[in-house]
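> mind looking at a prediction? Sequence and model below.
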Amino acid sequence: MRCADSLARGEVEAALVPIIEYERIPNARLVPGVCVGSRSAVRSVVLISKFEDLNQVRTVALDEESRTSQALIKIMFREFLKHEPKWQSFTPDLSEML
């Protein structure tokens, strides 16, 4: 998060940032041929709910440290569920978020 903010403010010339920031930071350019990736499954976005039907969800706790995860969850609700819950940011602590 700090890296993306520093890049957006022009404090640094390059930074490792979430992919969503490429769309948000004016004049940002991707460096070709490099990435951070995984050869196996990762749990970069995990949605945990008290409800089986996600249309019952009225509020969603977002991990304040993952802008890409925030964007992906919002896309899922808006585009696939056609449902807009209330968004709240939290530090990534499951018991606090639920």
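That came through fine. Everything numeric here is computed off the predicted structure, so don't read it as measured data.

> what's the next secondary structure element after the longest helix that the chain contains?
Identified as the longest helix of the chain according to DSSP state H is helix 67-75. Later in the chain than helix 67-75, the nearest helix or strand by DSSP states H and E is strand 86-90.

> same for the helix or strand following that following strand, what does it pack against?
Remark: after strand 86-90, the chain's next helix or strand is helix 94-97, criterion DSSP H and E. With contacts taken as 3 or more CB pairs under 8 Å, 6 or more residues apart in numbering; DSSP states H and E, helix 94-97 sits against strand 59-63. For the C-beta atoms, the positions are set from N, CA and C on the backbone; glycine is no exception.

> can you do 10 Å?
strand 59-63, strand 86-90 (3 or more CB pairs under 10 Å, 6 or more residues apart in numbering; DSSP states H and E).

> ok now the first one, how far from the chain's centre?
Taking CA atoms, centre = their mean, to the nearest Å, one finds strand 59-63 lying 11 Å from the centre of the chain it belongs to.

> list the buried residues of that strand.
Within strand 59-63, the residues that qualify as buried are 60, 61, 62, 63, counting by 16 or more other CB atoms under 10 Å.

> in a markdown table: those residues, plus distance to residue 13 and pLDDT.
Below are the buried residues of strand 59-63 laid out as a markdown table (distance: CB to CB, whole Å; pLDDT from 0 to 100):
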| residue | distance to residue 13 | pLDDT |
| --- | --- | --- |
| 60 | 35 | 92 |
| 61 | 34 | 89 |
| 62 | 29 | 88 |
| 63 | 28 | 83 |
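
> and those residues as a markdown table, adding distance to residue 46?
Output for the buried residues of strand 59-63, formatted as a markdown table (distance: CB to CB, whole Å):
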| residue | distance to residue 46 |
| --- | --- |
| 60 | 12 |
| 61 | 12 |
| 62 | 12 |
| 63 | 9 |
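
> quick check, nearest of the residues you listed to residue 4?
residue 63 (14.4 Å; CB to CB).

> so who does the nearest residue to that closest one once chain neighbours are set aside touch?
Nearest residue to residue 63, sequence neighbours excluded (CB to CB, 6 or more residues apart in numbering): residue 92, at 4.6 Å. By CB atoms under 10 Å, 6 or more residues apart in numbering, residue 92 lies in contact with 61, 62, 63, 64, 65, 66, 69.

> appreciated, that's everything.
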